[in-house]
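>>> Predicted model follows, preceded by the sequence.
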Amino acid sequence: MIKDNFPGSKSIALLLDPDKTSEKDLKRILKIASGSGTDYILVGGSLTFNSIDDLIESVRSQCSIPIILFPGNLLQLSLKADAILLLSLISGRNPELLIGNHVIAAPFLRSVREKLISVGYILVGCGKKTSVEYISQTEAIPADKTDLVVATAMAGEMLGLKMIYLEAGSGALNSVPPEIISAVRENVAVPIAVGGGIKTRKEIALAFSAGANLIILGNGCEKNPRLLEEACSERDSARQSI
Ligand code: 1GP
């Protein structure tokens, strides 16, 4: 069962958005993902026109990397993934994203309970307003309010959430600052995922050394698929230095 070891000490996930992934690009990036030892494929997006199920099936037919659903909304729920992130948007105050949607989803998810990974999803404002902020109708925590991010992560852990996801938002101008990652690391024991706006090898190295367990890459790999190889190389170095 994937969730038993998820996300591991240092791991890399490639985020695929069904709307941004042509068959040709998918084939290319999955070949790089398999060759570099990418740990997970995440599927999802804030708003999607194309089918999540079709994307999952296509990924599964081309590689053996575990597929994890990262649902942007209830319409993206799928039972086909190997694991499902059950996200609570704890940086926001939209009750639907804290409990309302979970109530609606619970009967649907009942049969795959063992696949669920509860996640405290924290938006950190790292530049321009992102799609996830607009769609969720919530405000990100400003990047200079480290204390607020830390207290939010602590609250999520105290509530029993199994991972904290520090999210700058897809396509963010800047990624989550390492200072925030290390401050959260010092105050919570659960794994930390970091994503949004990561474009360079240096950002990946800094995020790992600040305490990130899982780094999630989307747009950066669409523009430069080799970033995935660099990320896996940084992951290997980070694992060795533990
Ligand atoms: C989005 O954090 C992920 O939830 C990935 O963001 O597309 O900017 O890499 P990017």
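In hand now; what should we look at? Because the structure is predicted, anything quoted here is derived from the model rather than measured.

>>> Centre-most residue in the chain?
I216 (5.1 Å; CA atoms, centre = their mean).

>>> if you skip the residues just before and after it, what's nearest to it?
Spatial nearest neighbour of I216, chain neighbours left out: G195 (3.2 Å); criterion: CB to CB, 6 or more residues apart in numbering. Every C-beta, even on glycine, is put in place using the N, C-alpha and C of the backbone.

>>> all strands in this structure, in order from the N-terminus.
Here the chain has its strands, by DSSP state E, at 11-16, 40-43, 67-69, 83-89, 116-125, 141-142, 163-167, 192-195, 214-217.

>>> and the gap between the residue lying closest to I29 once chain neighbours are set aside and the ligand?
Nearest non-adjacent residue to I29, counting by CB to CB, 6+ apart: P225, 5.3 Å away. Applying CB to the nearest ligand atom, to the nearest Å, the value for P225 to the ligand is 13 Å.

>>> P142 too?
Remark: distance between P142 and the ligand (CB to the nearest ligand atom) = 18 Å.

>>> How many residues are close by that residue?
12 (other CB atoms under 10 Å).

>>> and what of G45?
Neighbour tally, G45, other CB under 10 Å: 27.

>>> what residues does this protein put near the ligand?
Contact residues (CB under 6 Å from any ligand atom) of the chain with the ligand: 15, 167, 170-172, 195-198, 216-220.

>>> Just the pLDDT at E179, thanks.
Looking at E179, its pLDDT stands at 98.

>>> Could you find the closest non-adjacent residue to G156?
Per CB to CB, 6+ apart, closest to G156 is G120, 2.8 Å.

>>> follow-up on the earlier one: which one (most neighbours) among the residues of the chain next to the ligand?
In the residues of the chain next to the ligand, the most neighbours by other CB under 10 Å go to G196, 29 neighbours.

>>> wait, V176 sits on A140?
No. Using CB atoms under 8 Å, V176 is not in contact with A140; the gap is 10.4 Å.
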